[in-house]
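Colleague: have a look; sequence and predicted model below, questions after that.
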Amino acid sequence: MASYFLDTSAIVKRYVPEQGQSLITTLCDPTQDHQLYISQAALVEVVAAICRRVHDRSITVSDRDRLIDAFRSDSQKAYSIQVVTTTIYTSAGNLCRSHRLRAYDAVQLACALRLRDKALLRQGPAPIFVCADNNLTTIATVEGLSVENPNNYP
């Protein structure tokens, strides 16, 4: 059993066929007994990413609705949702001072870093940051997180 923080670019791969889907499917397999964390911000970002697929005509409206329902169901059962607090927003803003980050990427990273800090206080294993964005994984590494990029897998 391991602990993983999945950012939106990783979560979407569970629902939409993309390179790296096999890694995400394995991580999310309940028999693996992994602890999976997501940011509260992902509740919006994942839905938006799935909706963009309709606009790109890569999925149908009925596919969109089915995938969103599956994600929302999994959000209640499979993921521990990290609440985005004022402290997280402040940390995210501070990350933007040091790194070139989009706002939601900064929020995702701030959530993962807070989760890591809590784990270290409990003397537990730090979560692995799972992300398919090369820039964000580079910054996460600089910030001291272990990272896994699903795009490195078939």
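Modeller: Cool, got the structure. Numbers count the residues shown, from 1 in each chain.
Colleague: need the CA coordinates for the lengthiest helix in the chain. PDB is fine.
Modeller: Using DSSP state H, we find that the single longest helix of the chain is helix 103-121. The C-alpha trace of helix 103-121 is given here as PDB (Å, rounded to 0.1, in the frame of the first residue of the first chain):
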ATOM      1  CA  ALA A 103      -3.500  29.100 -10.700                       C
ATOM      2  CA  TYR A 104      -5.100  25.700 -10.400                       C
ATOM      3  CA  ASP A 105      -1.700  24.000 -10.800                       C
ATOM      4  CA  ALA A 106      -0.500  26.000  -7.900                       C
ATOM      5  CA  VAL A 107      -3.500  25.000  -5.800                       C
ATOM      6  CA  GLN A 108      -2.900  21.300  -6.700                       C
ATOM      7  CA  LEU A 109       0.700  21.500  -5.700                       C
ATOM      8  CA  ALA A 110      -0.100  23.400  -2.500                       C
ATOM      9  CA  CYS A 111      -2.500  20.600  -1.600                       C
ATOM     10  CA  ALA A 112       0.100  17.900  -2.300                       C
ATOM     11  CA  LEU A 113       2.700  19.800  -0.300                       C
ATOM     12  CA  ARG A 114       0.400  20.200   2.700                       C
ATOM     13  CA  LEU A 115      -0.500  16.500   2.600                       C
ATOM     14  CA  ARG A 116       3.300  15.700   2.500                       C
ATOM     15  CA  ASP A 117       3.900  17.900   5.500                       C
ATOM     16  CA  LYS A 118       1.100  16.300   7.500                       C
ATOM     17  CA  ALA A 119       2.500  12.800   6.600                       C
ATOM     18  CA  LEU A 120       6.000  13.800   7.700                       C
ATOM     19  CA  LEU A 121       4.600  15.100  11.100                       C
END
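Colleague: same for the helix or strand following that helix, what does it pack against?
Modeller: Next helix or strand after helix 103-121 toward the C-terminus (DSSP states H and E): strand 128-130. In terms of contacts (3 or more CB pairs under 8 Å, 6 or more residues apart in numbering; DSSP states H and E), strand 128-130 is packed against strand 3-6, helix 21-28, strand 146-148. Where you see a C-beta, it was placed from the backbone N, CA and C, and this is true even at glycine.
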